[in-house]
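[1] Here is my input; please provide its structure:
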Amino acid sequence: MPRYTPTTLNKMYDQGFSGAIWEQEHFDKFVSTLKYPLFHDADIRIRNSGKGKLSTPFKSVLKFDRNAYEERQTTGDCVSHSTRNGCDLSRAVEIHVKGESEGWVTRGATEAIYGCRGHGGQGMSCSRATQFVSKTGGIVLRKNYPGIADFSKYKSSIGTKWGTRGVPSDLKQIAQDNQVLTTSLIKTVDEARDALANGYGISVCSSYGFSNRRDSKGFARKTTSWAHAMCWTACDDTGSEPAFLVQNSWGKWNDGGHPEWGPIPDGSFLIHADIAAGMLRGNGAYAYSNVDGFPPQKLPNYGFESYL
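    Purely as a prediction, here's the structure:
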């Protein structure tokens, strides 16, 4: 299995590689099992709470793991990275808010998520990944599980080989002790804004592809089509419309400017509200919560501390 570089990954997705795939039957069955299929079903207490705010919950992830977004995919497992990053954001904010830093331990691992994709080829659906972290498996950490698998360092070949045979049952049992308790589909820009304003991470599968150059304010243009998954990690609604920070999983694949509110991680870029709305129309955006529903949660005061 080749180990793709950031440049190679960019070219592959530009040329039509499918990292995020659509499985209608699986999607329908999975969503029917959710307590709150739509974010709108569970957001009544936080509706419009992000309006007019700058929300940067990715800084909670960087507080515990400064190198979190440097881990990059080396095969077609973007969905597992996006899902892990979304879950880690929700987990980091909750731990940060509670002041329980010892609860972090380390970032999540991607290999078990990718291993549950249900086939031996590359690519995965967002519904299968979200089902694993919330129903059939759970959160597995980037550490060694003696006798099962060593996830201390990202190794894409582990998840790749499990595609056909499935994730080992003993690892599934461990993962099930740390399941995401609520996951719901995000359908609108306002819902995404409010989720991030309360520290709930979002993984988005879409067909939108972008330039590898950010403009002077940190925005990237939609330039092509990618069958890809990326995590949304911040929202700036202090202007005329919301803007979202998108975290890719290709490492340092892009460069350019940064927003006025501060530096953003390598591999990330901002998108405008109309682009965000288009990405959300694909039924591939999931928000993650570690409690029942999406209750109000005040983000930490990040102040002027440098997290990068």
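
[2] For the stretch 201-308 of the chain, which segments are assigned as helices?
    Here the stretch 201-308 of the chain has its helices, by DSSP state H, counting those that start in this stretch, at 273-280.

[3] and if you look at the stretch 51-200 of the chain?
    If you assign secondary structure with DSSP H, counting those that start in this stretch, the helices in the stretch 51-200 of the chain sit at 58-64, 78-98, 111-115, 126-131, 156-165, 169-175, 189-197.

[4] How about residue 241, nearest residue that isn't a chain neighbour?
    With sequence-adjacent residues excluded and distances taken as C-beta to C-beta, 6 or more residues apart in numbering, residue 241 is closest to residue 273, at 4.1 Å. For glycine as for every other residue, the C-beta is placed from the backbone atoms N, C-alpha and C.

[5] how close does that neighbour sit to residue 239?
    Residue 273 sits at a distance of 10 Å from residue 239 (criterion: C-beta to C-beta, to the nearest Å).

[6] Among these two, which residue is more densely surrounded?
    Each of residue 273 and residue 239 had its neighbours counted (other C-beta atoms under 10 Å), and the higher figure belongs to residue 273 (19 against 11).

[7] List the contacts of the more buried one.
    For residue 273, the contact set (C-beta atoms under 8 Å, 6 or more residues apart in numbering) comprises 189, 241, 242, 243, 244.

[8] Kindly report the same for residue 105.
    For residue 105, the contacting residues are 141, 143, taking C-beta under 8 Å, 6+ apart as the criterion.

[9] same thing with residue 19?
    Under the contact definition (C-beta under 8 Å, 6+ apart), the residues listed for residue 19 are 13, 76, 77, 78, 79, 122, 123, 124, 226, 227, 228, 229.

[10] now swap in residue 258 and tell me
    Contacts for residue 258 (C-beta under 8 Å, 6+ apart) come out as 214, 217, 218, 264.

[11] farthest pair in those residues?
    With distance counted by C-beta to C-beta, no two of the contacts of residue 258 lie farther apart than 217 and 264, which are 10.8 Å apart.

[12] circling back: winner for burial among the helices of the stretch 51-200 of the chain?
    Here the criterion is mean neighbour count by mean count of other C-beta atoms under 10 Å, and of those the winner is helix 111-115, at a mean of 29.

[13] Using CSV, write out every CA atom in that one.
    C-alpha atoms of helix 111-115 as CSV (Å, rounded to 0.1, in the frame of the first residue of the first chain):
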residue,chain,number,x,y,z
GLU,A,111,-7.3,3.0,12.4
ALA,A,112,-10.3,1.2,14.0
ILE,A,113,-12.7,3.7,12.5
TYR,A,114,-11.3,3.0,9.0
GLY,A,115,-11.3,-0.7,9.8
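
[14] and that helix, what other elements does it pack with?
    Judged by 3 or more C-beta pairs under 8 Å, 6 or more residues apart in numbering; DSSP states H and E, the packing partners of helix 111-115 are helix 78-98, helix 156-165, helix 169-175.

[15] how about the ones you listed in a markdown table, adding mean pLDDT and distance to residue 62?
    Compiled in a markdown table, the helices and strands packed on helix 111-115 are given as follows (pLDDT from 0 to 100; distance: least, C-beta to C-beta, whole Å):
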| stretch | mean pLDDT | distance to residue 62 |
| --- | --- | --- |
| helix 78-98 | 98 | 8 |
| helix 156-165 | 96 | 23 |
| helix 169-175 | 97 | 25 |
